[in-house]
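> here's my sequence, what's the structure:
(chains A and B)
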Amino acid sequence: MIEVQELTKYYGPHLAISRVSFAVAAGEIVGFLGPNGAGKTTTLKILAGYLTPTSGSARINGHDVLTESLQARRALGYLPENVPLYPDLTVRQFLDFAARAKGVPGERRGTEVQQVVVECGLTEVVGTRIGALSKGFRQRVGLAQALLHRPPLLILDEPTIGLDPSQIVEIRQLIKELAGRHTVILSSHILPEVSQLCQRVIIINKGQIVASDTPENLSRQLSRGLRVQLAVDGPVDDVLAALKELEGVTEVSPLGEGRYLVVGRDNGDLRPDLARLVVGRGWNLWELKAQEFTLEEVFLNLVTEEA
Amino acid sequence: MSGIGAMVRKELTIYFATPIFYLVGFCFLLLGGYFFYANLLYYNLLSFQGAQNPQLAALLTPQQMVFRPLFGTLAIVFLFLVPLITMRLLAEEKRSGTAELLFTYPLTDGAIILGKFLAALLVYLLLLAITVIYPLSLAPITRLDWGALASGYLGLILLGGACLALGLFASSLTENQIIAAVLAFALLLLFWLIGWQQELGAAGWGGVFAALSLLERFENLARGVIDTRDVIFYLSFIYFFLFLTQRQLESRRWRA
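Residues are numbered from 1 along each chain as shown, chains lettered A, B, ... in the order given. The predicted structure follows:
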């Protein structure tokens, strides 16, 4: 659906993205993750056909965004960051314009507009001027215009930014529902959002892709040496000493109330050994669980490594 | 094609939803109405005097005394109002960020520009259509030269189109509506008055400047003389500025 090769963009002397390459298959939901100013928006703007790259190429549905811009743009729906809309138009007038501009034929226009209005929960505000709408509704209008004409690809730049928590949940739900029918590429700097919504995460920092994988794999990849948390009923000093002596353990830290965090040296799983040790000493083992790195830690790790 | 239609509809909806159009319409019709009335009074006065002077009487037609000066005045009034009509067209899209939406829709730059130009022209035609009341109100009491009137209106339409194309170009240069308006006004005045050079006796170049003047061409049409050179001049003027606007939009993609 998307093939991006060696995409580079300079704003004057400032390098925004550098040799970015990735591919997105049809039906995938891909999250673009990175700190502010990392190049997420620039990449998405190029994909949407708004900016031209300094070098490199991007193809959408097989159409080059530069040389076959119109065909590429026909295949996508784009929700820009900050959702710019025409404040003087009503929701219906605007969606009607968007449908015409996207070439939805006259006989289908009314029903398609009505469909996205219902889908995005805009029924009660169709006659309202967009300028008078709340941020949440505006976001939905933005999503509705992207969905019109049912493009195979949706590009959503920060779809939940500036919304209140309940609105965020609604928009996420909406995006999840789109999953089966569209390829979605969305950017965000909110990690839980990406790990919830996306099958694959592309982490970008300082204009370069630093990682690209499923959220689970990314967490696992980074947890070199498993971390195990256990709760043991026994004298603290004895337990600490015994744990430290165990083969493969690099670090033990007491967490209080009989809980300990054990960090292992490499990928080997410490849990069977730990269980045997504790039970062998005659202590009670209340809890034993492996701790994976959260996406937040992965992200911070990659981003700081880079810096 | 459907893209142009979509743009025209959208722009017209915005024109009719915002106060600027009504303000421009109010000023245009107020001044137009006043000058029509003043011309008519003057014509009336001279007609009484003309009764004693048969030579003068031949010159005293409604066309010469009322409509020819009225068209000249309407043209000048419109010159002042053009920047108000066009300043929003592209500057506002850039300022508010909706350009990002517009330019990622499957619309060609040409369709966007043509749609915006046609919408502005339609707004202007609507105002002009209302001024047809002036000759119609005289029709029952005097004989009018409808051919000359039509020529005058053709002149107003062509001149208006040229001014609007230039205004649209000015709007493509900036994201600030005020700057777009000032720029449009300055350029319009330049093309309006450039013909005066000729009278100042700037040898050689005088002819060139006169040929570029928006005003000189309009005089012919207001008088009732349709010269294809004048018509072609206005059409080329419109085409040229729409073309410049298109290049300007295209360069944005590369520079941004």
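> next structured bit after the lowest-mean-pLDDT helix or strand in chain B?
Every helix and strand in chain B was compared by mean pLDDT, DSSP states H and E; the lowest is helix B:196-199, with a mean of 63. Using DSSP states H and E, the next helix or strand after helix B:196-199 towards the C-terminus is helix B:205-212.
> may I have that following helix as PDB, with CA atoms only?
Extracted in PDB, the C-alpha atoms of helix B:205-212 (Å, rounded to 0.1, in the frame of the first residue of the first chain):
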ATOM      1  CA  TRP B 205       7.700  53.500 -24.000                       C
ATOM      2  CA  GLY B 206       4.500  55.600 -23.800                       C
ATOM      3  CA  GLY B 207       2.900  53.400 -26.400                       C
ATOM      4  CA  VAL B 208       3.700  50.300 -24.500                       C
ATOM      5  CA  PHE B 209       2.400  51.600 -21.300                       C
ATOM      6  CA  ALA B 210      -0.800  52.800 -22.900                       C
ATOM      7  CA  ALA B 211      -1.200  49.400 -24.400                       C
ATOM      8  CA  LEU B 212      -1.000  47.800 -21.000                       C
END
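> what helices or strands is it leaning on?
Under the contact criterion of 3 or more C-beta pairs under 8 Å, 6 or more residues apart in numbering or on different chains; DSSP states H and E, helix B:205-212 touches helix B:196-199. For glycine as for every other residue, the C-beta is placed from the backbone atoms N, C-alpha and C.
> so what's the residue of the stretch 151-300 of chain A at minimum distance from chain B up against?
Nearest residue of the stretch 151-300 of chain A to chain B: residue A:155, at 8.6 Å (C-beta to the nearest C-beta). Shown in contact with residue A:155 (C-beta atoms under 8 Å, 6 or more residues apart in numbering or on different chains): A:44, A:47-48, A:76-79, A:146, A:185-186.
> try 7 Å
Contacts of residue A:155 were listed using C-beta atoms under 7 Å, 6 or more residues apart in numbering or on different chains, and they are A:44, A:47-48, A:76, A:78, A:185.
> make a ChimeraX selection of the buried ones in those residues.
If you want just the buried ones from those in ChimeraX, going by 16 or more other C-beta atoms under 10 Å in any protein chain shown, the selection is:
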select /A:44,47,48,76,78,185
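> what about the contacts of residue A:155, which are in helices?
Among the contacts of residue A:155, DSSP state H puts A:44, A:47-48 in helices.
> out of those, which touch chain B?
Among those, proximity to chain B is found for residue A:48 (C-beta under 7 Å from any C-beta of the partner chain).
> so can I have a markdown table of the ones in helices among the contacts of residue A:155 showing pLDDT?
Listed next are the ones in helices among the contacts of residue A:155 as a markdown table, based on pLDDT from 0 to 100:
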| residue | pLDDT |
| --- | --- |
| A:44 | 92 |
| A:47 | 92 |
| A:48 | 91 |
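> of the ones in helices among the contacts of residue A:155, closest to chain B?
The closest of these, once distances to chain B are taken by C-beta to the nearest C-beta, is residue A:48, at 4.5 Å.
> verify the stated contact: the closest one with residue A:76.
Yes: using C-beta atoms under 7 Å, residue A:48 is in contact with residue A:76, at 6.4 Å.
> and the helix or strand encompassing residue A:252, how far out from the chain middle?
Using DSSP H and E, residue A:252 falls within strand A:249-256. Relative to its chain's centre, strand A:249-256 lies at 33 Å (C-alpha atoms, centre = their mean, to the nearest Å).
> okay, that strand in PDB with CA atoms only?
Taking C-alpha atoms only, strand A:249-256 is exported to PDB below (Å, rounded to 0.1, in the frame of the first residue of the first chain):
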ATOM      1  CA  VAL A 249      21.400 -13.100  38.400                       C
ATOM      2  CA  THR A 250      23.100  -9.700  38.000                       C
ATOM      3  CA  GLU A 251      21.000  -7.500  40.300                       C
ATOM      4  CA  VAL A 252      18.600  -7.900  43.100                       C
ATOM      5  CA  SER A 253      16.700  -5.000  44.700                       C
ATOM      6  CA  PRO A 254      14.200  -5.200  47.500                       C
ATOM      7  CA  LEU A 255      10.900  -3.500  46.800                       C
ATOM      8  CA  GLY A 256       9.600  -3.800  50.400                       C
END
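> which positions in the next helix-or-strand element following that strand come out as buried?
The helix or strand immediately downstream of strand A:249-256 is strand A:259-264, counting by DSSP H and E. Using 16+ other C-beta under 10 Å as the test for burial, strand A:259-264 gives A:260, A:262-264.
> near chain B, which residues of the stretch 1-150 of chain A show up?
A:48-52, A:70, A:73-74, A:78, A:80, A:82, A:84-86, A:88-89, A:93, A:97, A:100-103.
> go with 8 Å
Within the stretch 1-150 of chain A, the positions lying close to chain B (C-beta under 8 Å from any C-beta of the partner chain) are A:11, A:45, A:48-52, A:70, A:73-74, A:76, A:78, A:80, A:82, A:84-89, A:93, A:96-98, A:100-103, A:129, A:145.
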